[in-house]
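Student: Make a model of this:
(chains A and B)
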There are 2 protein chains.
Amino acid sequence: MAIGAVHAGPELEHRIFEVLQEAGTLSGWQGLGPAVARWAPRVPDLAPERDLDAIRRLGGGLLTPEDADWPASLADLGLSEPIALWVRSPHRPVPSIERCIAIVGSRDSTAYGAQVTAEIAYSLAERGLSVVSGGAYGIDAHAHRAALAGGTGPYPTIAVMAGGVDRYYPSGNEELLRSIALQGAMISEVPPGSNPTRYRFLQRNRIIAALCSVTVVVEARWRSGALSTAHHADGLSRCVAAVPGSVYSANSAGCHRLLREGSAVCVTDAAEIAELAGASGQNLPTESTGKRADHDGLDLQDLLLLDALPLVSPTTAEKLCTVAGLSLTSVLAGLGRLELMGLAERTNGNWRRNKRT
Amino acid sequence: MAIGAVHAGPELEHRIFEVLQEAGTLSGWQGLGPAVARWAPRVPDLAPERDLDAIRRLGGGLLTPEDADWPASLADLGLSEPIALWVRSPHRPVPSIERCIAIVGSRDSTAYGAQVTAEIAYSLAERGLSVVSGGAYGIDAHAHRAALAGGTGPYPTIAVMAGGVDRYYPSGNEELLRSIALQGAMISEVPPGSNPTRYRFLQRNRIIAALCSVTVVVEARWRSGALSTAHHADGLSRCVAAVPGSVYSANSAGCHRLLREGSAVCVTDAAEIAELAGASGQNLPTESTGKRADHDGLDLQDLLLLDALPLVSPTTAEKLCTVAGLSLTSVLAGLGRLELMGLAERTNGNWRRNKRT
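Tutor: Numbers count the residues shown, from 1 in each chain, chains lettered A, B, ... in the order given. Just a heads-up that it's a prediction; the model follows:
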């Protein structure tokens, strides 16, 4: 247990408490370095038993890296791996990384962003994947809500909170967050009762990025918290994807920035996202294909011949030689092929295009 | 002059004619391989003097690779470099590659595509760059028209035609094409009088790609002629750029495909395109910047301290130690810095946030 190396936060309090108990004296912490020293003023407020009672009352539990259910993906965070996760959920364990997709974006999403988010999240949850987000207004809320609606697996959606999992923040999302806790999970690295602070919002983003194989940014302004999650994901060698939008939408400027800088893959639907996540081929998208054109698959000579064929008045093979610049042998063989394909028709020994409907 | 190696097309006729004249006999061509043999049936129709008269009457001329004004960029086409260019323009020479930007896209452009194209082309021409396109309906026409309006240089726009430069194709663009020929240039590799054929449209795209340092696809369906130009540009190691749009627009699907496959850079305005084209720094875009936030540039300790400061009722430095988890020394130094930055204010020895308006 390397206490001196970890990041700041109330989750440290429990470790400190343990250390202090082991040392049997308050002077014990003074040898443990500045990270622990900083928390010394808080020791009198510590109440780990109260926190554990709280999470149990909420129907959840505390996960630590020693647990078999600890998400292996978090180890990629190295020194900033959380010391513990407070999980409010009927399920355990958290789905493995290839089943988790983060969907993040602006709090002030547009109607376009809301629609794209809802369609993508619904479809991903329908495939049994978990949609991970931050429980905020805007894109986060649309993603959670649609995932709850589309969900077929045990974990349709996970909200990673900046404060404690007993806090409904923002308050307008209380009902949504309660549903997430009942059908999916609310997760936090800080104990129940903790307030969300700006610092914790930024720290929380690294957990979203680490839990997921793909982080999708649906809408983000040029500067946006969603971009912080994307950069965390990029730093962890996770796949980052961005949804394009109008060049006139300030809410898409952050997505276009990621695409322009080559930090994100362009995605337009759930199938493309599932493909990025899927280690196996089960999530492969069906290939979009345009309408087949008349001249598909023709070689150069037959293409020249097709171009030379008149649309209305039939003409002779000899005339086609001149127009297409082909030998008579090539023209006659080509006319046979085009006739077979239904592209040319013969009338009294003369030839013209056969316009298929 | 390696006649046997080149591609098919009427531009060959002139070379063949010369060879035949040199050989002094029609049987001369039989030793020159199949590419020449294919054109033998056309020899009786050749009239190079008539073609040269026609281009002169149109106020233009014939360029060949031997001319000093021949665009050096076309040499990158290797064996498929055109044998000649028929140029209808008051100017010569054609601008060098770093001054030429191709803008291509769907013939059935949307209102969105039209607006983006017009803004980009106008702004590029205003910077003295040449907007190169194919003279077709839709994105091509919007690009040419806006470039004519915005143009400040001698060559605001260039239309590379699939048929002869005396042909106004499509006919609805006649007025536009006449303006292009007067203020910019109409260019073709086939002589006056040649009809545009499907094969020539495809071949024409390689010339657009080769002439330009950047090819911008504004709108393109999943399958589109514009993508053929983009692939030519990619194959020539030219920069390919794509404008993003709604994921619900079929006219943006081709652009998103290019972005997703990593074949194109995401661009949203003329400044970003000029930056891609500019060898020098003169075309660099002004950096888009979001609103500066209060906490920009704060180090971790000051960020923690800022988060800990109450918004309303001032508190003591000792209390801030507990809330922020910082030593008293750190808190006092940090409060001094935040006060200097106008982020903290002191009232009777107690501290709170100073909300800047």
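
Student: Enumerate every residue touching the closest residue in space to residue A:100 that isn't next to it in sequence.
Tutor: Of all residues not flanking residue A:100 in the chain, residue A:212 sits nearest, at 4.3 Å (CB to CB, 6 or more residues apart in numbering or on different chains). Heads up, the C-betas are built off the backbone N, CA and C, glycines and all. The contact partners of residue A:212, by CB atoms under 8 Å, 6 or more residues apart in numbering or on different chains, come to A:73, A:97, A:100-102, A:132, A:233, A:238.

Student: check which helix or strand covers residue A:149.
Tutor: Taking DSSP states H and E as the definition, residue A:149 sits inside helix A:139-150.

Student: Show residues contacting that helix.
Tutor: A:103-107, A:109, A:113-114, A:117-126, A:130-131, A:133-135, A:156-157, A:159, A:173, A:176, A:179-180, A:183-184, A:218-219, A:226.

Student: The closest residue to residue A:117 other than its chain neighbours: neighbouring residues, count only.
Tutor: Leaving aside its sequence neighbours, residue A:117 sits nearest to residue A:142 (CB to CB, 6+ apart; 4.2 Å). If you count neighbours by other CB atoms under 10 Å in any protein chain shown, residue A:142 ends up with 26.

Student: and residue A:142, how far is that from residue A:271?
Tutor: Going from residue A:142 to residue A:271 by CB to CB, to the nearest Å gives 19 Å.

Student: cool, and residue A:263?
Tutor: From residue A:263 to residue A:271 the distance is 22 Å (CB to CB).

Student: One more: residue A:132?
Tutor: 19 Å.

Student: Compare the two (neighbour count), which wins?
Tutor: residue A:132 (33 against 18).

Student: tell me the contacts of the nearest residue to residue A:71 once chain neighbours are set aside?
Tutor: Nearest residue to residue A:71, sequence neighbours excluded (CB to CB, 6+ apart): residue A:94, at 4.9 Å. Contact partners of residue A:94, counting by CB under 8 Å, 6+ apart, are A:63, A:69, A:71, A:87, A:100, A:155, A:158, A:185, A:187, A:211.

Student: backbone phi and psi for residue A:94, please?
Tutor: Phi and psi for residue A:94, reported as degrees, to the nearest 10, are phi -60, psi 140.

Student: List the buried residues of whichever strand or helix holds residue A:336.
Tutor: Per DSSP H and E, residue A:336 falls inside helix A:328-340. For helix A:328-340, the neighbour count (16 or more other CB atoms under 10 Å in any protein chain shown) marks A:330-331, A:334-335, A:337-338 as buried.

Student: Spell out which parts of the stretch 101-250 of chain A neighbour chain B.
Tutor: Proximity of the stretch 101-250 of chain A to chain B, by CB under 8 Å from any CB of the partner chain, involves residues A:112, A:116, A:197-199, A:221-223, A:243-247.

Student: ok so, going back, of the contacts of helix A:139-150, keep whichever come out buried.
Tutor: The buried subset of the contacts of helix A:139-150 (16+ other CB under 10 Å) comprises A:103-107, A:109, A:113-114, A:117-126, A:130-131, A:133-135, A:156-157, A:159, A:173, A:176, A:180, A:183-184, A:218-219, A:226.

Student: now, which of those lie within helices?
Tutor: Here DSSP state H is the test, and those give A:113-114, A:117-126, A:176, A:180, A:183, A:226 as lying in helices.

Student: Output the residues of the stretch 101-250 of chain A next to chain B in a markdown table, with pLDDT and neighbour count appended to each entry.
Tutor: As requested, those are exported to a markdown table (pLDDT from 0 to 100; neighbours: other CB atoms under 10 Å in any protein chain shown):
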| residue | pLDDT | neighbour count |
| --- | --- | --- |
| A:112 | 96 | 19 |
| A:116 | 97 | 29 |
| A:197 | 87 | 20 |
| A:198 | 84 | 16 |
| A:199 | 86 | 21 |
| A:221 | 93 | 22 |
| A:222 | 89 | 17 |
| A:223 | 84 | 18 |
| A:243 | 98 | 31 |
| A:244 | 98 | 29 |
| A:245 | 97 | 23 |
| A:246 | 97 | 21 |
| A:247 | 97 | 22 |
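
Student: Which member of these is positioned nearest residue B:302?
Tutor: Proximity to residue B:302 was ranked across these by CB to CB; first place goes to residue A:199, at 10.6 Å.

Student: for the closest one, what are its contacts?
Tutor: Applying CB under 8 Å, 6+ apart, the residues contacting residue A:199 are B:300, B:303-304, B:307.

Student: For chain A, just list every one of the strands.
Tutor: The residue ranges that make up the strands of chain A, judged by DSSP state E, are A:60-63, A:85-88, A:100-104, A:130-133, A:157-160, A:185-188, A:214-217, A:239-242, A:265-266, A:344-347, A:350-353.

Student: Mean pLDDT added to the ones you listed, as JSON lines?
Tutor: Listed next are the strands of chain A as JSON lines, based on pLDDT from 0 to 100:
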{"stretch": "strand A:60-63", "mean pLDDT": "92"}
{"stretch": "strand A:85-88", "mean pLDDT": "95"}
{"stretch": "strand A:100-104", "mean pLDDT": "98"}
{"stretch": "strand A:130-133", "mean pLDDT": "98"}
{"stretch": "strand A:157-160", "mean pLDDT": "98"}
{"stretch": "strand A:185-188", "mean pLDDT": "96"}
{"stretch": "strand A:214-217", "mean pLDDT": "98"}
{"stretch": "strand A:239-242", "mean pLDDT": "97"}
{"stretch": "strand A:265-266", "mean pLDDT": "96"}
{"stretch": "strand A:344-347", "mean pLDDT": "88"}
{"stretch": "strand A:350-353", "mean pLDDT": "90"}
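
Student: Of all those strands, which one comes closest to residue A:318?
Tutor: Taking the strands of chain A one by one with CB to CB, strand A:350-353 is closest: 10.5 Å.

Student: Please see if that closest one touches chain B.
Tutor: No: using CB under 8 Å from any CB, strand A:350-353 never reaches chain B; the gap is at least 11.5 Å.

Student: Might you list the low-confidence residue ranges for the stretch 201-350 of chain A?
Tutor: Residue ranges of the stretch 201-350 of chain A with pLDDT under 70: A:279-297.

Student: Could you find the closest non-adjacent residue to residue A:106?
Tutor: That would be residue A:219: by CB to CB, 6+ apart, it lies 4.7 Å from residue A:106.

Student: pretty sure that neighbour contacts residue A:245?
Tutor: Yes: in this structure, residue A:219 is within contact of residue A:245 by CB atoms under 8 Å, at 6.8 Å.

Student: which neighbours do those two share?
Tutor: Counting by CB under 8 Å, 6+ apart, the residues touching both residue A:219 and residue A:245 are A:112-113, A:251-252, A:255.

Student: And the furthest pair within those residues?
Tutor: Longest span within these, CB to CB: A:112 and A:255, 11.4 Å.

Student: tell me, what's touching these two both at once?
Tutor: Common neighbours of residue A:112 and residue A:255 (CB under 8 Å, 6+ apart) are A:219, A:245.

Student: follow-up on the earlier one: closest to residue A:259 among the residues of the stretch 101-250 of chain A next to chain B?
Tutor: Nearest member of those to residue A:259, counting by CB to CB, is residue A:244, at 6.8 Å.

Student: residue contacts, the closest one?
Tutor: A:252, A:255-256, A:259, A:266, A:268, B:244-247, B:252, B:255-256, B:259, B:266.

Student: next one: residue A:246
Tutor: A:112, A:252, B:112, B:244-246.

Student: and if you look at residue A:75?
Tutor: So, once contact is read as CB under 8 Å, 6+ apart, residue A:75 ends up touching A:65, A:81.

Student: where's it relative to chain B, distance?
Tutor: 23 Å (CB to the nearest CB, to the nearest Å).

Student: Over to residue A:234?
Tutor: From residue A:234 to chain B the distance is 15 Å (CB to the nearest CB).

Student: so that residue touches residue A:241, yeah?
Tutor: No: under the criterion of CB under 8 Å, residue A:234 is not in contact with residue A:241, lying 11.1 Å apart.

Student: How is chain A divided into domains?
Tutor: Domain assignment of chain A by automatic domain parsing yields the ranges A:3-46, A:72-280, A:300-353.

Student: Kind regards, and thank you for your time.
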